[in-house]
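> fold the following.
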Amino acid sequence: MRKTNDKSIKEALEQLLQVYKLRRKFDETSLIAAWPELMGSAIANRTKEIYIRDKKLFLRIESSVIKNELLMMRSQILEKMNDKAGARVVEEMILL
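Okay, the predicted model is just below:
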């Protein structure tokens, strides 16, 4: 039986992320880890570098064909990533 001030682990982690202002970094790291799941192994295997800074998704892709495909799908990719995070974590995509 839970006491009134008891919290679930999820609630406690959410509170911890809020108090220490770690939510954005946590979301960014989660999205980077989910890149293969979101984009598939073909694209993930050709992604040489991926990071998020100032709400910008930076990608280094080795294939020019895939680079062009990603550019055409830019808005869908950003939408898919933000949906996954449940917040507006990325607003722009930059191919390096």
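
> Leu59 and Met93 touch, don't they?
Yes - if you go by Cβ atoms under 8 Å, Leu59 and Met93 touch, sitting 6.8 Å apart. (C-beta placed from N, C-alpha, C; glycine too.)

> output the below-cut-off pLDDT ranges for this structure.
Within the chain, the stretches with pLDDT under 70 are 1-4.

> ok so, going back, compare neighbour counts for Leu59 and Met93 and give me the winner.
Neighbour tally, Leu59 and Met93, criterion other Cβ atoms under 10 Å: the higher count belongs to Leu59, 21 against 17.

> what about the spatially closest residue to Gln15 that is not a sequence neighbour, neighbour count?
Of all residues not flanking Gln15 in the chain, Lys7 sits nearest, at 7.2 Å (Cβ to Cβ, 6 or more residues apart in numbering). Lys7: 12 surrounding residues under other Cβ under 10 Å.

> one more: Met81?
Met81 is flanked by 24 other residues according to other Cβ under 10 Å.

> again, but for Asp27
Residues near Asp27, counting by other Cβ under 10 Å, number 21.
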